[in-house]
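The following block contains a protein sequence and its predicted model.
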Amino acid sequence: MSDFLTRAELLRERGRHEEAVALLHSHLAHHPEDPAAFIELALNRMDIDGQMAQALADAKTATGLIPDAAFPLALQAFILSRLDREKEAVQLADQAIALAPDYAYAWRAKSVALCGLNRWKEAEEAAREALAINPDDEDASNVLSHALRLQNRLDESEDETKRRLSRNPENAFSFANVGWAALQRGKVKEAEDYFKEALRLNPNMNYARNGLKESYRARSAFYRVFLKWSFFQQRLQEKHRTAIFIGIFVSFKVLRNVLENTQPLLLLPLFLIYYIFIFGSWLSTGLANFFLLRDPTARLSLEKAEKIDGAVVGFLFFCGLALLVPGFIWDKDVLMIAGGALMGSAIPASLVFTKSSRIGSILFGSATLLILLLSGIAAWHQYLNPEKPIFEGTGGGILTIAILIAVGITWLPLIPALRKKRD
């Protein structure tokens, strides 16, 4: 290895990535076709905020310079996984494996990409391949433990983690994995302790920091229920999750028709259960953040955007509930419209502050305001014409549009440009 690469690698290991990039650019000015320099550039840029796309471009350049090498292809796979492009990542990892079947790094890249696609069994198999080639590959062991946990094979996951900790008791990722396993078992306090230990070893580990926040949120009984539901869904493939939601929708329609004619007082509980099941994944984090705002210790773990998210989503949800319930009990249509509007607007509002790109935040924020505006107009029409059913006339048509916006907006986060980047 040349002196400049040795210096660049030392700078990367010390976290001085910008200096390493500057050094590498100076080298490339004189040696513009050095693949090793482009690889080192990609490795550094992976750890610089906002430069993941440039890291991918550098790895692609290295592949073009040495097309028969497996490492640049596997590196591209890792970067693509970080960019939420896991399907492409699997393809490139397979190309790397085809070039070097006994290359553990390529198998690990494939395992990481398969985890991103929730293909847990295949991810497990790829991680085991990596460990069969290199039993000391701690990262592959971490991925294996993660894949086992998401298959609800918690004992096997913990055994793998203990095996790794026996070799390296200072592995922060291992403690974070144990923390997630404890959280999945419902051992909230134990999970907190493991995440804190992981952060002591590596204060910059987002995997552990997010786990600690989840364990704080899990102090809420509501959020613990959501977590169990979330862990269950993670074990399923997309088609199975879709089938479950279709089943919930059909069951809701059937029960609603039955209760309308037999037990109309049960319609409100049915609606609320359906609302939580269908939209819980959007609302749960915001509501949990709202509960954390009341905890003087736990709220310190929240970022500013998460505090705003909790305040806004909590206000819309609980104020809406406070209007909807008495409106239903006293048969006051205006109160029901107002309560439903606030609860409906909580859905896009939950996507504004923490989960979306800048464009997404503007779009979802506009949708929140539009739902409130349209519902306000519908409530005014209802106030002027109290004898009309809610969904009839001009006000009913406007209210229907507001509902369609609230429900339809949940499909937009599937668009990559609207999601917050995992950079």
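The structure has been received and is ready for your questions.

what residue ranges in the stretch 301-423 of the chain are flagged as low confidence?
For the stretch 301-423 of the chain, applying pLDDT under 70 flags the ranges 414, 416, 419-423.

Show me where it has its helices.
Per DSSP state H, counting those that start in this stretch, the stretch 301-423 of the chain carries helices over the ranges 304-329, 333-349, 358-384, 393-408.

got JSON lines for these, with distance to Asn177 and mean neighbour count too?
Bear in mind the C-beta positions are built from the backbone N, C-alpha and C, glycine included. Formatted as JSON lines, these follow (distance: least, Cβ to Cβ, whole Å; neighbours: other Cβ atoms under 10 Å):
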{"stretch": "helix 304-329", "distance to Asn177": "23", "mean neighbour count": "18"}
{"stretch": "helix 333-349", "distance to Asn177": "32", "mean neighbour count": "24"}
{"stretch": "helix 358-384", "distance to Asn177": "30", "mean neighbour count": "18"}
{"stretch": "helix 393-408", "distance to Asn177": "37", "mean neighbour count": "17"}
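
Can I get those in CSV including distance to Ser26?
What follows is those, written out as CSV (distance: least, Cβ to Cβ, whole Å):
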stretch, distance to Ser26
helix 304-329, 38
helix 333-349, 48
helix 358-384, 33
helix 393-408, 52
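
Tell me which of these sits nearest to Ile415.
helix 358-384 (8.1 Å; Cβ to Cβ).

Could you figure out how far the closest one is turned away from helix 393-408?
Here helix 358-384 runs at an angle of 150 degrees relative to helix 393-408 (axes from the mean of the first three to the mean of the last three Cα atoms, to 10 degrees).

Counting by contacts, list what helix 358-384 packs against.
Contact here means 3 or more Cβ pairs under 8 Å, 6 or more residues apart in numbering; DSSP states H and E; on that basis helix 358-384 packs against helix 333-349, helix 393-408.

mind checking which of those helices is nearest Leu370?
Nearest of those to Leu370, taken as Cβ to Cβ: helix 393-408 at 6.2 Å.

I would like the residues contacting that closest one, please.
Residues from elsewhere that reach helix 393-408 (Cβ atoms under 8 Å, 6 or more residues apart in numbering): 337, 341, 344-345, 347-348, 367, 370-371, 374-375, 377-382, 385, 388-391.

Taking helix 333-349 as reference, get the angle to that helix.
30 degrees.

Now distance to Ser215 too, for the helices and strands packed on helix 358-384, in CSV please.
Shown next, in CSV, are the helices and strands packed on helix 358-384 (distance: least, Cβ to Cβ, whole Å):
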stretch, distance to Ser215
helix 333-349, 24
helix 393-408, 31
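
out of these, nearest to Gln91?
helix 393-408 (32.0 Å).

Just the CA trace of that closest one, in PDB.
Below are the C-alpha coordinates for helix 393-408, written out as PDB (Å, rounded to 0.1, in the frame of the first residue of the first chain):
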ATOM      1  CA  GLY A 393     -75.000  17.600   0.100                       C
ATOM      2  CA  THR A 394     -72.100  19.900  -0.600                       C
ATOM      3  CA  GLY A 395     -70.600  19.500   2.900                       C
ATOM      4  CA  GLY A 396     -70.700  15.700   2.600                       C
ATOM      5  CA  GLY A 397     -68.800  15.900  -0.700                       C
ATOM      6  CA  ILE A 398     -66.200  18.100   0.700                       C
ATOM      7  CA  LEU A 399     -65.800  15.800   3.800                       C
ATOM      8  CA  THR A 400     -65.400  12.800   1.500                       C
ATOM      9  CA  ILE A 401     -62.600  14.500  -0.300                       C
ATOM     10  CA  ALA A 402     -60.800  15.200   3.000                       C
ATOM     11  CA  ILE A 403     -61.100  11.600   4.000                       C
ATOM     12  CA  LEU A 404     -59.800  10.400   0.700                       C
ATOM     13  CA  ILE A 405     -56.800  12.700   1.100                       C
ATOM     14  CA  ALA A 406     -56.100  11.400   4.600                       C
ATOM     15  CA  VAL A 407     -56.200   7.800   3.500                       C
ATOM     16  CA  GLY A 408     -54.500   8.200   0.100                       C
END
